[in-house]
Every structure is written in C-alpha cells, then in structure tokens.
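Undergrad: quick one: sequence plus predicted model below, questions after.
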Amino acid sequence: MAERKHSKIGPVTAQQLAAAVLAGHAYNTHGLLDKAERIFAGIVVVDPENAYAHMMLGSIYERQEKLDEAIAHYSEAIRVFPQDITSLAGRGELYLRTGNLIAAAADFEKASSLDPEHTNPSANRARLLAMTAHAVLSVAAEEGAQGLEKAKTIIDKTISK
C-alpha cells in the first residue's frame, strides 16, 4: 500500500506526488515557469520536507529574478538534504550575485567537496564560480573602490555564461 502524506487538502499518495513532480519538471523544462511554480509550491504544502521541490522552486524563482525567494528555497532544500549539490551551487551563485562573497565561497566549497570525482555539473559550476569569487576579491583588494566595478563586471560575465 502506498504511503499517504497528510496535508491541508487530505491524504496524498507517493504516486500522486511523483506525478506532480514529473508534471512540474516538464513545465519547468518547457519554460512554463508559472505552472511549474504552482505545482512545486503545492508539493511543499503537502510535503514540506521535499528537498527536490524546494530546489526546483529555488531554480524557478532564480529564473524569475525573485532572488530572496530563491535563496530561501535553496536554503530549505539544503536544510532538508545537506548534500544537495545543485542547491548549494545555486544558492552560492545568488550569494555571489548579491555580493555576499563569504557565504558564496562556503557554498561553493561544500558543493565542490561533495563531488571529488568532478562529475557533477553543478559542482563544476561551483568550482568555476569559486575561482571567479577569488578573482573578484583580488581585483577589489588591489584596486579598491574602482576595483569593485571591475569585479561586478567579472561576476556578471561569468554568471551569464
């Protein structure tokens, strides 16, 4: 018998949750972010400990430029599943974009350490962004206030790739 999760809308089976995840993933893949957002938001209501749904909401909100919401959902995914490389890299990237270099570096280091074989695309992106953060700090340290503008340009060019 399928496990039932109880929510405000009643019991939900594992098969129903899986179907919702697949539908949300398909909408996200096809760029239908509003529909994907509604599905994954519904999943976290029914299953608030669903790290994948939080990670997907983080990704969706990031694409919608809702950075605070994205960081919150990536953080929740990491709380539920601390080895979530994708959420660590995503949150680190947002920290980098918002100038929180220390937090970004910590997330990039953790994501990288979870992939010693260098096979995970998110961990590899975290490695690249960690190098960018290091370069940004070097430029800023060498050139002071003027270096900050150069540093921002470096970040923007790297992240947009």
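TA: In hand now; what should we look at? Numbering: from 1, shown residues only.
Undergrad: using CSV, list the CA coordinates for stretch 33-42.
TA: C-alpha atoms of stretch 33-42 as CSV (Å, rounded to 0.1, in the frame of the first residue of the first chain):
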residue,chain,number,x,y,z
LEU,A,33,7.6,28.8,-15.0
ASP,A,34,4.3,29.9,-13.6
LYS,A,35,2.7,26.5,-14.0
ALA,A,36,5.9,24.8,-12.6
GLU,A,37,5.9,27.2,-9.7
ARG,A,38,2.3,26.4,-8.8
ILE,A,39,3.0,22.7,-8.9
PHE,A,40,6.1,22.8,-6.7
ALA,A,41,4.6,25.3,-4.3
GLY,A,42,1.7,22.8,-3.9
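Undergrad: phi first, then psi, for Leu32.
TA: Here is the backbone geometry of Leu32 (degrees, to the nearest 10): phi -90, psi 70.
Undergrad: where do the domain boundaries of the chain fall?
TA: According to automatic domain parsing, the chain comprises the domains 1-81, 86-161.
Undergrad: including mean neighbour count and mean pLDDT, could these go into a markdown table?
TA: For glycine as for every other residue, the C-beta is placed from the backbone atoms N, C-alpha and C. Formatted as a markdown table, the domains of the chain follow (neighbours: other Cβ atoms under 10 Å; pLDDT from 0 to 100):
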| stretch | mean neighbour count | mean pLDDT |
| --- | --- | --- |
| domain 1-81 | 17 | 89 |
| domain 86-161 | 17 | 85 |
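Undergrad: so which elements touch the biggest helix by length in the chain?
TA: Scanning the chain for the helix with the most residues, using DSSP state H, yields helix 121-159. Contact partners of helix 121-159 among helices and strands, from 3 or more Cβ pairs under 8 Å, 6 or more residues apart in numbering; DSSP states H and E: helix 85-97, helix 101-113.
Undergrad: make a markdown table out of the ones you listed and add distance to Tyr52.
TA: Shown next, in a markdown table, are these (distance: least, Cβ to Cβ, whole Å):
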| stretch | distance to Tyr52 |
| --- | --- |
| helix 85-97 | 9 |
| helix 101-113 | 16 |
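Undergrad: right, so of those helices, which gets closest to Ala72?
TA: Closest approach to Ala72 among the helices and strands packed on helix 121-159 (Cβ to Cβ): helix 85-97, 9.5 Å.
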